[in-house]
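*Asks:* predicted coordinates and the sequence they were generated for:
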Amino acid sequence: MKKLLILGAGTAGTMMLNKMDAVLNKEEWDITIVDQYETHYYQPGFLFIPFGIYNRRDVIKPKRDFFPPGVNVIFSKIDLIQADKNQVILDGGKVLTYDILLVATGTKINPAETEGMHEGGWHKNVFDFYTVEGAVALQQFLKYWEGGKMVLNIVEMPIKCPVAPLEFVFLADWWFTEQGIRDKVDIEFVTPLPGAFTKPKASKVFGEFLNKKNISLTPEFSTGRVDWENNKLVAWDETTIDYDLLVTIPTNMGDDLIARSGLGDELNFIPTDKFTLQSLANDNIFVIGDATNLPSSKAGSVAHFQADILQDNLLSYIDGRPLRGKFDGHANCYIESGFGKGILIDFNYDTEPLPGKFPLPGVGPFSLLEETRMNHYGKMMFRWMYWNLLLKGAELPIESHMLMAGKRA
Amino acid sequence: MTTKELAGISVEVDAEGFLTDHKIWNLDLAAAIAKEEGIDPLTDRHVEVLNFMRKEFEENGTAPSIRKMNKLNIVPTKELYALFPGGPAKKAAKIAGLGKPQGCI
């Protein structure tokens, strides 16, 4: 029997497990997936927890619910990938060999990378919302907060879901208004980027939204440390920003396993062919989702588009044929903008987010780069699609490659 | 693309003033670009960083990140910000004659 080994049963790993289980010949292939945690988190839902829209129970399900029958499931930490020996060592020493390795170990926040962040202020008046613990702690804090200066800062790029920080301040503006304390709260959006977002047209549009919502924007601020005793954010060039409440997006890094195994770059992301998703160092290692070093967004929609391409490429690889599937960097993001509205962006490696319409058979069209109620419904509907279709590897009515139809260049 | 006069020769630069051909780079050009960016004079320490960046670019096709230079003990992040005030990733790449670093999203 040949062996396909998948490391990581998050969004990308689970999707690929289902996709490969559906197409591989079971008389020839044995599929194994390894993950250290038994709970699957609906990560796009974390954003809503601080504002009490979702709670913990709304974003979790057992991972097992999404595994097809007949695959080997191992819940264990992973000690090492030995690429030269085609094997993986689990904690405790168990050895798993593979013919093809698929790495989907994702990315996580590393607050300890920034001096002073993961210290006395952590989850007291310095919070993340990229973990369920952080999001729940922030909900508790906000419930009783009477106002002051809230600073949201992005420490460095790349980060998972690059629109989430914007969504957070848009929702915060709405939520403080609902609580009747918006006039007592200053909101400041602090980013190392030159504007509200990376790509020029979207950056301009989002900058206007920030302005309209009375949220101040501080671009090109590179966070060096947090002076938590004095509630100050300090840049590498020693400029400072005061805060009463700091909501931070800490440095995002790939799993330590990748560093231990010598497979990653300085952020533990694996150098990967941006079109085929094959690792650059090893022909029989493929990488998907946040674990790659691709210049695409780290997001579930991106992993979903990659999954279609990777399924084709794995089958070609097994047949000894050239890898024809080419990922184009496609991302499709619904952005909550508060007050029951949302904004949609759709883009890839070469085409920045453009205004226009996004056609979706049976449901759409949705408006691009514009605030509408319909886009908000798209966002809320996505949770159902995620649990019931996406994770199970089912077809969604969105093309893997970005289409220009409806977009205004 | 436009042509401009730098260090007594005429060079091609993009809309933001980055050299379009990194191969024509030399220390005189670096000093001239640095001066435009408000860094004058270009010290040996600057040059050490620039040389490392160019070597990385030759080997990997991209300029190294601030984090990588810190991790490899080429230059601590704090010092890098002092050497190239106001955005070292972009500024140092420009003075090193390399293209604008790709913004990741």
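*Replies:* Okay, I see it.

*Asks:* would you mind listing the buried residues in stretch A:144-152?
*Replies:* A:145, A:150-152 (16 or more other Cβ atoms under 10 Å in any protein chain shown). Any C-beta I mention is one placed from the backbone N, CA and C, and that applies to glycine too.

*Asks:* quote the end-to-end distance of it.
*Replies:* End-to-end distance for stretch A:144-152, by Cα to Cα, to the nearest Å: 19 Å.

*Asks:* mean confidence score for it?
*Replies:* Throughout stretch A:144-152, pLDDT has a mean value of 97.

*Asks:* interface residues of the stretch 1-150 of chain A facing chain B?
*Replies:* Along the stretch 1-150 of chain A, not a single residue is adjacent to chain B under the rule Cβ under 8 Å from any Cβ of the partner chain.

*Asks:* where does the residue in the stretch 1-150 of chain A positioned nearest to chain B fall, phi/psi-wise?
*Replies:* Proximity of the stretch 1-150 of chain A to chain B (Cβ to the nearest Cβ) peaks at A:Glu113, 9.0 Å away. The phi and psi values for A:Glu113, taken as degrees, to the nearest 10, are phi -70, psi -20.

*Asks:* with B:Ile33 instead?
*Replies:* The phi/psi pair for B:Ile33 (degrees, to the nearest 10) is phi -70, psi -40.

*Asks:* quick one: low-confidence parts of chain B?
*Replies:* For chain B, the stretches with pLDDT under 70 are B:102-105.

*Asks:* show me the helices in chain B, by range?
*Replies:* B:27-36, B:44-60, B:66-71, B:77-83, B:88-95 (DSSP state H).

*Asks:* just the C-alphas of the lengthiest helix in chain A, formatted as CSV.
*Replies:* Among the elements of type helix in chain A, defined by DSSP H, the one spanning the most residues is helix A:300-318. Listed next in CSV are the C-alpha coordinates belonging to helix A:300-318 (Å, rounded to 0.1, in the frame of the first residue of the first chain):
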residue,chain,number,x,y,z
GLY,A,300,-10.0,29.7,4.4
SER,A,301,-11.4,30.8,1.1
VAL,A,302,-7.9,30.8,-0.3
ALA,A,303,-7.2,27.3,1.1
HIS,A,304,-10.5,26.2,-0.5
PHE,A,305,-9.5,27.5,-4.0
GLN,A,306,-6.0,25.9,-3.5
ALA,A,307,-7.7,22.6,-2.6
ASP,A,308,-9.3,22.2,-6.0
ILE,A,309,-5.9,22.8,-7.7
LEU,A,310,-4.0,20.6,-5.3
GLN,A,311,-6.4,17.7,-5.8
ASP,A,312,-5.6,17.7,-9.5
ASN,A,313,-1.9,18.1,-9.0
LEU,A,314,-1.7,15.3,-6.5
LEU,A,315,-3.4,13.0,-9.0
SER,A,316,-1.0,14.1,-11.7
TYR,A,317,1.9,13.5,-9.4
ILE,A,318,0.7,10.0,-8.6
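
*Asks:* mind checking how far that helix is from the chain centre?
*Replies:* Mean-position distance between helix A:300-318 and its chain equals 17 Å (Cα atoms, centre = their mean, to the nearest Å).

*Asks:* and the next element down the chain from that helix?
*Replies:* Next helix or strand after helix A:300-318 toward the C-terminus (DSSP states H and E): strand A:331-338.

*Asks:* what residues does the stretch 151-300 of chain A put near chain B?
*Replies:* A:156-158, A:162, A:193, A:197-199, A:220, A:222, A:224, A:236-237, A:265-267, A:295-297.

*Asks:* which ones among those residues lie within helices?
*Replies:* Going by DSSP H, the helices hold none of those.

*Asks:* quick revisit: relative to B:Leu50, how far out is the residue of the stretch 1-150 of chain A closest to chain B?
*Replies:* To B:Leu50, A:Glu113 is 26 Å away according to Cβ to Cβ, to the nearest Å.

*Asks:* ok, those two, which is more surrounded?
*Replies:* B:Leu50 (23 against 16; other Cβ atoms under 10 Å in any protein chain shown).

*Asks:* contact partners for that one?
*Replies:* By Cβ atoms under 8 Å, 6 or more residues apart in numbering or on different chains, B:Leu50 lies in contact with B:30, B:92, B:95-96.

*Asks:* how many residues are close by B:Val13?
*Replies:* 17.

*Asks:* for it, give me its contacts.
*Replies:* B:1-4, B:19-20.

*Asks:* name the SS class of A:Asp79, please.
*Replies:* Following DSSP: H, G, I helix; E, B strand; the rest coil, A:Asp79 is assigned to strand.

*Asks:* wait, it sits on A:Asp91?
*Replies:* Yes - applying Cβ atoms under 8 Å as the test, A:Asp79 and A:Asp91 come out as touching, 5.2 Å apart.

*Asks:* more neighbours: which of these two?
*Replies:* Between A:Asp79 and A:Asp91, A:Asp79 has the larger neighbour count (other Cβ under 10 Å), namely 17 against 11.

*Asks:* what sits closest to that one if chain neighbours are left out?
*Replies:* A:Ile89 (4.6 Å; Cβ to Cβ, 6 or more residues apart in numbering or on different chains).

*Asks:* related to what we said a few turns ago, make CSV from the contacts of B:Val13 and add neighbour count and distance to chain A to it.
*Replies:* Supplementary listing: those in CSV, determined by neighbours: other Cβ atoms under 10 Å in any protein chain shown; distance: Cβ to the nearest Cβ, whole Å:
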residue, neighbour count, distance to chain A
B:Met1, 7, 18
B:Thr2, 10, 20
B:Thr3, 10, 25
B:Lys4, 12, 23
B:Leu19, 22, 20
B:Thr20, 14, 19
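
*Asks:* among those, which lie within strands?
*Replies:* Judged by DSSP state E, the subset of the contacts of B:Val13 located in strands is B:2-4.

*Asks:* for A:Pro322, which residues are in contact?
*Replies:* A:Ser316.

*Asks:* same question, A:Arg64
*Replies:* Contacts of A:Arg64 by Cβ under 8 Å, 6+ apart are A:38, A:73.

*Asks:* tell me the pLDDT of it.
*Replies:* A:Arg64 carries a pLDDT value of 96.
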